[in-house]
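Trainee: would you be able to build a 3D model of this:
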Amino acid sequence: MFESKFYFSLEDNIAGTIYTSKKKNKKLTIVVMSLLILGLILAIISMVINIILGENFAFDIILMLIAIGIGVYCLTAPKTWKRTAINTYNENIAPNNYCIVQIDKDCCKVSFYKEEVETSKVVLDLNNMTACFEDDERFVLVFNKTQFVIVRKDKLSGGIESLRENLEQHLNDEGVIYVTKKN
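Mentor: From the prediction side, this is the model:
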């Protein structure tokens, strides 16, 4: 059994939120950006043809501005995710004193405590883990592509290598991703 007892910081929440959102929206962002580029090219060609023919090209300009606006929104989405993570942390997580994450062979239990009293508890099946991210400070376990659990390495009992092996066993399914960030 692995256990990590730690103060759940704002940085932990931001890291988990941004990683989960990027993984969840990656394919959609690629499709949207590809369609926007194609749309811009077609709008420019249409505008050039309209200018050559002496017709009104105001509609082409409006379409290009809309496409550019959507593109800017897609590129600035991570800042929105960061603001959402900060608000969620301040409203829901900050009042808690600490967090305990316990991982068995097939189960992950997350409990939040305030003044030695458990305020919330979630039990997750490791077979529902859809992604895992590791950096120098933490593991981010993603369940069902939307919910994440942070495991702090510096507060982990049970060994980092043993936990990594346990997580990799649950990530052998197709479509499940294990990522290690190298600094």
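
Trainee: counting by contacts, list what the helix or strand residue 100 falls within packs against.
Mentor: Assessed by DSSP states H and E, residue 100 sits inside strand 98-103. Counting contacts by 3 or more Cβ pairs under 8 Å, 6 or more residues apart in numbering; DSSP states H and E, strand 98-103 is packed against strand 2-6, strand 107-114, strand 147-152. (C-beta placed from N, C-alpha, C; glycine too.)

Trainee: that one vs strand 2-6, what angle?
Mentor: Per axes from the mean of the first three to the mean of the last three Cα atoms, to 10 degrees, the angle that strand 98-103 makes with strand 2-6 is 170 degrees.

Trainee: ok, residue 13 - contacts?
Mentor: Counting by Cβ atoms under 8 Å, 6 or more residues apart in numbering, residue 13 touches 85-86, 88-89, 93, 150.

Trainee: not counting residues beside it along the chain, what's closest to residue 1?
Mentor: residue 104 (5.4 Å; Cβ to Cβ, 6 or more residues apart in numbering).

Trainee: per-residue confidence for residue 176?
Mentor: Per-residue confidence (pLDDT) for residue 176: 52.

Trainee: give me phi/psi at the residue nearest the centre of the chain?
Mentor: Nearest to the mean C-alpha position of the chain, by Cα atoms, centre = their mean, lies residue 20 at 1.7 Å. Phi and psi for residue 20, reported as degrees, to the nearest 10, are phi -60, psi -40.

Trainee: hang on, isn't it packed against residue 144?
Mentor: No. Using Cβ atoms under 8 Å, residue 20 is not in contact with residue 144, being 10.3 Å away.

Trainee: tell me, how many residues neighbour residue 48?
Mentor: 12 (other Cβ atoms under 10 Å).

Trainee: same question for residue 86.
Mentor: Counted with other Cβ under 10 Å, residue 86 comes out at 15.

Trainee: got it, and residue 131?
Mentor: 21.

Trainee: where does the prediction get shaky in this protein?
Mentor: Applying pLDDT under 70 to the chain flags the ranges 24-25, 95, 172-183.

Trainee: mind listing the helices for it?
Mentor: 10-53, 58-88, 160-170 (DSSP state H).

Trainee: turn those helices into TSV, including distance to residue 122.
Mentor: What follows is the helices of the chain, written out as TSV (distance: least, Cβ to Cβ, whole Å):
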stretch	distance to residue 122
helix 10-53	14
helix 58-88	15
helix 160-170	17
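
Trainee: so residue 78 touches residue 22, yeah?
Mentor: Yes. The criterion here is Cβ under 8 Å, and residue 78 meets it with residue 22 at 7.3 Å.

Trainee: quick check: the two most widely separated of the contacts of residue 13?
Mentor: Farthest-apart pair in these is 86 and 150; separation 15.4 Å (Cβ to Cβ).

Trainee: out of the helices and strands packed on strand 98-103, which comes closest to residue 138?
Mentor: strand 147-152 (5.4 Å).
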